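Participant: from the sequence below, what's the structure:
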Amino acid sequence: MRFLLFLLLLAVAAALAWWQWEEHIPHHWHPWAPLSVDDPLTPVTKWKLHRLADDREGCLAALETAPEDALSMMPLDDHEPVQGCPLENVVRIHASEVEFNASFVARCPLALAWVMYERQRLQPAAEAHFGSRVARVEHYGSFACRNVYGRAEGRLSEHATAEALDVAAFHLEDGRRITLLDHWEGEDPRADFLRDARDGACDLFGNVLGPDYNLAHADHFHFGMRGFRLCR
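Facilitator: Purely as a prediction, here's the structure:
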């Protein structure tokens, strides 16, 4: 009897502690609080992004927290553009606060991660190194129904589910163009900016691959949603 009473008291104490914790924890640290694009980034942010992979309405609601001129996108119905590569919970991104060389389809959490990255990591890095913002981004695409590295066998690439974006170059508002192929190496602001752009992406994307990873990524960053901290 005493043991049961002890368990009851322990449960009550735990419930009170949980209630007090939920009442006082900051929104951006709360694991079940809705995500907003300008929430300060914490270790919880990636977990929230991963959780939205199966929550279409929650993810679209998070995208809607972006300022009106910060995102031009269209939600898409689930569909299978190529046999064997069905797409679920996807949107088409036309523009954000930057222009793109082409619109692209992205699984909703990837789109959300990009907008947060752009606002909280990419633009601050550009302003710090150049005193100018990024105006345009060149990418190689997001969706491709293929295995990793295009191999005949093996697991499907993140691109097969539109959960990765390959970025090759950044155009600044002052007219400068910075590419990974030409400017990754060296001791100048362009190389420093690209490294900061990569490191900042690691706070949001599950895996970030670039020239330091292998030759296949010598000319682009791969921003993918799988995993939690592969940053090369």
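Participant: where does pLDDT dip in the chain?
Facilitator: Applying pLDDT under 70 to the chain picks out residues 1-24, 150, 152-154.
Participant: let me see the ranges of the strands in it.
Facilitator: 72-76, 79-82, 85-87, 90-95, 99-100, 104-107, 134-141, 164-172, 177-179, 207-209, 221-224, 230-231 (DSSP state E).
Participant: ok, residues contacting the fifth one?
Facilitator: The set of residues external to strand 99-100 that reach it, using C-beta atoms under 8 Å, 6 or more residues apart in numbering, is I93, H94, A135, R136, V137, E138, H139. Placement of C-beta: from N, CA and C, glycine included.
Participant: and for the first one?
Facilitator: Among residues not part of strand 72-76, those counted as contacts by C-beta under 8 Å, 6+ apart are 60, 63, 87, 90-96, 105, 108, 111.
Participant: what residue lies at the spatial centre of this structure?
Facilitator: A113 (2.6 Å; C-alpha atoms, centre = their mean).
Participant: my guess is that one meets C202, correct?
Facilitator: No: applying C-beta atoms under 8 Å as the test, A113 and C202 come out as separate, 11.2 Å apart.
Participant: of all the strands of the chain, which one is nearest F193?
Facilitator: strand 177-179 (6.5 Å; C-beta to C-beta).
Participant: which other helices and strands contact the closest one?
Facilitator: Here strand 177-179 touches strand 164-172, helix 189-201, going by 3 or more C-beta pairs under 8 Å, 6 or more residues apart in numbering; DSSP states H and E.
Participant: let me have those in TSV, adding mean neighbour count as columns.
Facilitator: Shown next, in TSV, are the helices and strands packed on strand 177-179 (neighbours: other C-beta atoms under 10 Å):
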stretch	mean neighbour count
strand 164-172	21
helix 189-201	19
